[in-house]
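Undergrad: How does the following fold in three dimensions:
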Amino acid sequence: MRYNQSGNIPQKRHTIFKSPEDKFYYEQLFGTEGFHGISSLLYHIHRPTQIKSIGAPKDVTPKIAVDKNVTPRMFKGMNVTPEDDFMDSRKILLMNNDLKMGLAKPRKSMDYFYKNAECDELLFVHEGSGVLKTFVGNLEFFVGDYLIIPRGTIYQIELKSEDTVFFVLESHSPIYTPKRYRNEFGQLLEHSPFCERDIIAPTFVEPKDEKGEFLIKVKKENQITDFIYATHPFDVVGWDGYFYPYKFNIKNFEPITGRIHQPPPVHQNFEGHNFVVCSFCARMYDYHPMAIPAPYNHSNIDSDEVLFYTEGDFMSRNHIDLMDFTLHPGGIVHGPHPGAMERSIGKKFTEEYAVMVDPFRPLKITEEALKVEDPSYKTSWLEETDKNMEDRSQE
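TA: The predicted model follows:
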């Protein structure tokens, strides 16, 4: 992240700051990891602490169906049920103690505010557009945008379409850009596959000076609690710092290619504690005269691998639809489907786009995931003759 400043702020932090009407503004430190991590200072028209009431918590703990998984699986995202409400639409499919991920298909804009009080959020826009409204400004979003929302951010989502689909990841640790692409000052290096110009900070909007009853749904420890505040949460007259939501479009990722097939880490876009997020993008294939563009068979002994297919035709897989998830558990060999390696030879370019998440601790499968699973995926690497025999044996 880089330093950003918007609106009006005092020349010196932690000092008296007043409005033109000689009324105090109220400073708020917004950050994580105690006073050690990155942070921002926000200046409110009203004290941001004015709670009027707190409702009973609602439990939203995902229900685990498979606690220990060694089976390759595919989940048909197209079959995940849309919901009117944004939070109700979040269907967690896979999770461990570090993260949760799944799909959200909200049909209506949020008429309340929301704060995740323990997890950073990554929302990848598979379909639709709208505006992410936050207390530090707005971000218009479109297909292909990653929205990185730090924990504690108060936000609303305004949709411009009923056909909006988000890939959702909640992380119990901060989500950062890869450390290996940054120098000791935090600047992205010349060989990084993206640069600071690709990272879009919120556009500042005029603060809301309103009193009344404002519902903020706060999520913590798998519970959502309704807080009613006496003032509008978007009353920030200015802010500065390093801690804020931002967007990055997958098509601004510049793929790293080579003469022979490059391993998945070259596609890394983000990282958290015990996981990485990669962006597979349209790119030139390998240019060695004998190169095989399709990935080689491999075992991720120490990590599971999840792919979410968002655009194009993924060259290493057969019978994959957009919005599908595939899960390859750690320790189990996987690779191209039959015929994919042969088809790839001689090809010069791919138009595929996918989001990959590699968690370094095993994933659990939820009941929501099993509702949309394609059980045939685990045997989809069989040669055609073997596949026919397998099908007959199950009749």
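Undergrad: Show me the strands in the stretch 251-395 of the chain, by range?
TA: 268-272, 275-280, 283-284, 305-311, 324-328, 349-350, 353-359, 364-366 (DSSP state E, counting those that start in this stretch).
Undergrad: From the contact counts, what lies against the fifth one?
TA: Here strand 324-328 touches strand 73-76, strand 90-95, strand 305-311, going by 3 or more C-beta pairs under 8 Å, 6 or more residues apart in numbering; DSSP states H and E. Heads up, the C-betas are built off the backbone N, CA and C, glycines and all.
Undergrad: quick one: contacts of the first one?
TA: Where contact means C-beta atoms under 8 Å, 6 or more residues apart in numbering, the residues beyond strand 73-76 that reach it are 93, 320-321, 323-327, 365, 369, 372-374, 377-378.
Undergrad: List only buried entries from the residues you listed.
TA: Buried members of the contacts of strand 73-76, scored by 16 or more other C-beta atoms under 10 Å, are 93, 320, 323-327, 365, 369, 372-374, 377.
Undergrad: Provide the partner residues of residue 139 in its beta bridges.
TA: residue 132 (DSSP bridges).
Undergrad: still on that earlier bit, among the buried ones among the contacts of strand 73-76, find the lowest-pLDDT one for me.
TA: Ranked by pLDDT, the buried ones among the contacts of strand 73-76 bottom out at residue 320 (85).
Undergrad: Pull the contacting residues for that one.
TA: So residue 320 contacts 74, 309, 314, 326 (C-beta under 8 Å, 6+ apart).
Undergrad: what residue lies at the spatial centre of this structure?
TA: In the chain, the residue lying closest to the centroid (C-alpha atoms, centre = their mean) is residue 122, at 2.4 Å.
Undergrad: quick revisit: show me the two of the buried ones among the contacts of strand 73-76 that sit farthest apart.
TA: 320 and 365 (19.1 Å; C-beta to C-beta).
Undergrad: re earlier: ok, which of the helices and strands packed on strand 324-328 comes nearest residue 220?
TA: Among the helices and strands packed on strand 324-328, the nearest to residue 220 by C-beta to C-beta is strand 90-95 (15.3 Å).
Undergrad: Go through the contacts of strand 73-76 and say which is closest to residue 143.
TA: Lowest distance from residue 143 to those (C-beta to C-beta) belongs to residue 323, with 12.4 Å.
Undergrad: Residue 337 versus the residue lying closest to that closest one once chain neighbours are set aside, what's the distance?
TA: Among residues not flanking residue 323 along the chain, residue 77 sits closest, at 3.4 Å (C-beta to C-beta, 6 or more residues apart in numbering). Look at residue 77 and residue 337: by C-beta to C-beta, to the nearest Å, they are 19 Å apart.
Undergrad: Run through this structure and note the low-pLDDT ranges.
TA: For the chain, the stretches with pLDDT under 70 are 315-316, 318, 384-395.
Undergrad: What residue spans form the domains of it?
TA: The chain breaks down into these domains under the TED database: 50-235+244-249, 254-379.
Undergrad: Please tabulate the strands of the stretch 251-395 of the chain in JSON lines, including the columns distance to residue 159.
TA: Listed next are the strands of the stretch 251-395 of the chain as JSON lines, based on distance: least, C-beta to C-beta, whole Å:
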{"stretch": "strand 268-272", "distance to residue 159": "24"}
{"stretch": "strand 275-280", "distance to residue 159": "24"}
{"stretch": "strand 283-284", "distance to residue 159": "31"}
{"stretch": "strand 305-311", "distance to residue 159": "18"}
{"stretch": "strand 324-328", "distance to residue 159": "23"}
{"stretch": "strand 349-350", "distance to residue 159": "31"}
{"stretch": "strand 353-359", "distance to residue 159": "21"}
{"stretch": "strand 364-366", "distance to residue 159": "25"}
